[in-house]
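Asker: Quick one: sequence plus predicted model below, questions after.
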Amino acid sequence: MSTAYIGLGSNLGDREAFLACGRKAIFARLRVPGGTMLSSSIYETAPMYHLDQPPFLNQVVAIDTELAPEAVLRVLLAIEAQNGRERTRPNGPRTLDLDLLLVDRKIIQTPALTLPHPRLLERAFVLVPLLEIAPDLIHPLTGRPLQAALPGVQGQFIRKWKEADTACGPSATS
């Protein structure tokens, strides 16, 4: 069993509803039977890379899974597609974006998957919610606490939009 850390984002349509659909699908398809999923608060963030798009809602979930990282990625891509994700331009607007950030301390580099996520340390919209639910995480490549990367993202706009749902089990997915 491994713990997968997944970033969720949405900046089209009913952003909060897309995050909820993503959480529910992740819980249903990745969770170890009887397990729970931990969700961060939801944050509103400014777009990066292409600024001519609406602001995002972002959060991070941690879930125990028995699936291999490559299988987790396939499930995440299927969930995105089921929620209307269209890949018309890199880093463009999207209904639902699901990024596999970390799986335990695994280091993977294949054409399909890189772990840890290669832009993990440069994105406040990932680091802040990730550290909310797992403040003691260590970056598998650098060996340094992820907390050490926070000063590097201080200039990025991020504000808490909605508190975390602290429920456990199936209700934690709403």
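Answerer: Yep, it's here.

Asker: Contacts for the lengthiest helix in the chain, please.
Answerer: The residue-count maximum for a helix in the chain (DSSP state H) belongs to helix 15-30. Applying Cβ atoms under 8 Å, 6 or more residues apart in numbering, the contact partners of helix 15-30 are 4, 6, 8, 10, 12, 37, 39, 42, 56-57, 59, 61, 63, 65, 67, 72, 75-76, 79, 82-83, 95-96, 98, 162, 170, 172-174. C-betas here are computed from N, CA, C, even on glycine.

Asker: 7 Å instead?
Answerer: The contact list for helix 15-30 (Cβ atoms under 7 Å, 6 or more residues apart in numbering) reads 4, 6, 8, 10, 37, 39, 42, 57, 59, 61, 63, 65, 67, 72, 75, 79, 83, 95-96, 98, 173-174.

Asker: Can you dump the C-alpha atoms of it in PDB for me?
Answerer: Extracted in PDB, the C-alpha atoms of helix 15-30 (Å, rounded to 0.1, in the frame of the first residue of the first chain):
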ATOM      1  CA  ARG A  15     -15.100  25.100 -10.200                       C
ATOM      2  CA  GLU A  16     -16.100  23.800  -6.700                       C
ATOM      3  CA  ALA A  17     -18.400  21.200  -8.200                       C
ATOM      4  CA  PHE A  18     -15.600  19.900 -10.500                       C
ATOM      5  CA  LEU A  19     -13.300  19.600  -7.500                       C
ATOM      6  CA  ALA A  20     -16.000  17.700  -5.600                       C
ATOM      7  CA  CYS A  21     -16.500  15.300  -8.600                       C
ATOM      8  CA  GLY A  22     -12.800  14.800  -8.800                       C
ATOM      9  CA  ARG A  23     -12.600  14.000  -5.000                       C
ATOM     10  CA  LYS A  24     -15.500  11.600  -5.200                       C
ATOM     11  CA  ALA A  25     -14.100   9.700  -8.200                       C
ATOM     12  CA  ILE A  26     -10.600   9.500  -6.600                       C
ATOM     13  CA  PHE A  27     -12.100   8.100  -3.400                       C
ATOM     14  CA  ALA A  28     -14.200   5.600  -5.300                       C
ATOM     15  CA  ARG A  29     -11.500   4.400  -7.700                       C
ATOM     16  CA  LEU A  30      -8.200   4.600  -5.800                       C
END
